[in-house]
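1. Here is a sequence together with a model predicted from it:
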Amino acid sequence: MAGIAALDVSNRKAARLELTVRDGRYGLSGALAPAPFLKGRWKALTSPTVKVIGDATFKDRILGGKLTVGSAALRAVASGAVDLAEGRYEDLRLGVDLLRPQALFTNMTGRDIRMLWTLDGPYETARFSYRLTSPALKFDDIGFVNVRAEGSGNLSPWPMRVPLQLSARAITGIGDVAGDILANARLDGVLTVTPKFVRGDGLQLRSAKLNAKLGLLFDLVTGHFRVVISGGLTRYFIEGLGIVDVQTELTVVPGPNGKGSRVVGTGKVWVRRLDNSFFASLTGGLPRIETRLERGPDGILYFTGLQLYSPKLRLAGEGRRNHDGTFHMVGRGKQALYGSFRLTLDGDIVRPRVQLFLDSPNEALGLRDVNVLLDPTAAGFDYKANGQSRLGPFTSNGRILLPKAERRLSRLLPWMSAGHAPRAIYAPTRAASPAR
């Protein structure tokens, strides 16, 4: 026995289905075309048509079988049974493959994105489990490698509590340093879910080097979201500098017009061990840094209200970290021995181009209005300097050689303030030992 169902809406083909019955088995096949009557994500997910194939039995008010639906954007397969007499699910499974991620979120790309749900038990309290996996998932320029999200619980009236265990082997598109910090990231906690929103409070975020608390609110109707992160790094080793503790308070919200994301917050850094003898001679002790942070959809991280505190050095400034990982920083401050100064830094933070202006670095020699320019080279720095002294104007130039890690820049300012003009400066110091 077979029958055909045809549905036209506004002279458009909305459904063409064939139903068959043979030896107690029911078959369903055909196509649906709901996209013209839908909007947004549902329109994108069902375009241009949805193919339907089903096979089922119905005995003793138990409906069991398999149903497959698919479009250009996704493929879904449901199997198992529903006991209509007892009002319960019997090993009901739903697997979804997202073939075109942009249909769900316009800024989303990825491959082999698969979601699996299971339900078993009474309608209202059935045991559920879910698992989302993908070897590569990306939102805008931020990617996640080997993503896995899973959890299990029981159905309940809204709002429903959904346990979450989310992990990613690596996060890309955030720079080498941040990527190293967030390697093997894991998020654990419980989400509160309703048909309109997803909320998470006190979620625990851990990675290779980070320990933080996270809160989130995602509006399923508008797509707006808000993420709050509070946490930091403990005893993080920075080669050439030493060991630091970092504390951040960050909020992530949608970017202007809903494009991308915007991160705002504050950051604090405490240097716990200072291996660089040059910086140590300037600061006179372990420094502390505070700054406001903001990263927009352009991916550039801005530092405003940056403050450095230490026994011998005080600095205030602002700057940014560019897409390529280089920095631009501008600041002014005062050092106990060399007095007030202004500073501009550009390039790789490990070996930047530095422009330094010192008002009066050495009163005994009458040095004033001293300009120093450091240009990074493969061997270290080339420098040029000029200014005023008791003997009149002076100029100086030379090279600062820093072969590998055995030599550090440690005595540039003392040499300059004493009026020397060496052709090369070697400042050997003990190489930094690994963090323990």
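-> Nice, thanks for sending it over.
2. residues touching Arg41, list them.
-> Counting by C-beta atoms under 8 Å, 6 or more residues apart in numbering, Arg41 makes contact with Ala103, Leu104. From N, CA and C alone the C-beta is placed, and that goes for glycine too.
3. Could you measure from it over to Val227?
-> Per C-beta to C-beta, to the nearest Å, Arg41 is found 21 Å from Val227.
4. What distance do you get for the closest residue to Pro376 other than its chain neighbours to Leu293?
-> Nearest-residue entry for Pro376: Arg351, 4.4 Å, with adjacent residues in sequence omitted and distances by C-beta to C-beta, 6 or more residues apart in numbering. Distance, Arg351 to Leu293, using C-beta to C-beta: 24 Å.
5. The two: who's more crowded?
-> Taking other C-beta atoms under 10 Å, Arg351 and Leu293 do not tie; Leu293 has more neighbours (19 against 16).
6. which neighbours does the helix or strand hosting the more buried one have in its sheet, and in what orientation?
-> Using DSSP states H and E, the element containing Leu293 is strand 288-295. Partners of strand 288-295 in the sheet, by DSSP bridges, are strand 261-274 (antiparallel), strand 301-309 (antiparallel).
7. of all these, which lies closest to Val190?
-> strand 261-274 (23.8 Å; C-beta to C-beta).
8. Quick check: mean pLDDT of that closest one?
-> If you average the pLDDT over strand 261-274, you get 92.
9. ok so, going back, could you list the residues in contact with the strand holding Leu293?
-> Residues contacting strand 288-295 (C-beta under 8 Å, 6+ apart): 248, 250, 262-271, 301-310.
10. Make a PyMOL selection of whichever of those turn out to be buried.
-> Buried subset of those, written as a PyMOL selection, criterion 16 or more other C-beta atoms under 10 Å:
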select buried, resi 248+250+262+263+265+267+269+271+301+302+303+306+307+308+310
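11. At which residues are the helices of this structure located?
-> 40-46, 176-181, 277-283, 412-417 (DSSP state H).
12. Need these in a markdown table (columns: mean pLDDT and distance to Thr20).
-> Converted to a markdown table, the helices of the chain look like this (pLDDT from 0 to 100; distance: least, C-beta to C-beta, whole Å):
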| stretch | mean pLDDT | distance to Thr20 |
| --- | --- | --- |
| helix 40-46 | 93 | 24 |
| helix 176-181 | 82 | 55 |
| helix 277-283 | 82 | 80 |
| helix 412-417 | 37 | 87 |
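13. Compile the ones you listed into JSON lines and extend it with columns for distance to Gly223.
-> As requested, these are exported to JSON lines (distance: least, C-beta to C-beta, whole Å):
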{"stretch": "helix 40-46", "distance to Gly223": "9"}
{"stretch": "helix 176-181", "distance to Gly223": "25"}
{"stretch": "helix 277-283", "distance to Gly223": "46"}
{"stretch": "helix 412-417", "distance to Gly223": "53"}
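14. So which of the ones you listed is nearest Asp55?
-> With C-beta to C-beta as the yardstick, what comes closest out of the helices of the chain is helix 40-46 (22.1 Å).
15. Any stretches of this protein with poor pLDDT?
-> 258, 260, 350, 402-436 (pLDDT under 70).
16. is Thr251 in a bridge, and if so with what?
-> Val228, Val264.
17. wouldn't the residue nearest to Pro376 be in contact with Asp375 here?
-> No: with contact defined as C-beta atoms under 8 Å, Arg351 does not reach Asp375; the gap is 10.1 Å.
18. tell me, what's touching these two both at once?
-> Phe381.
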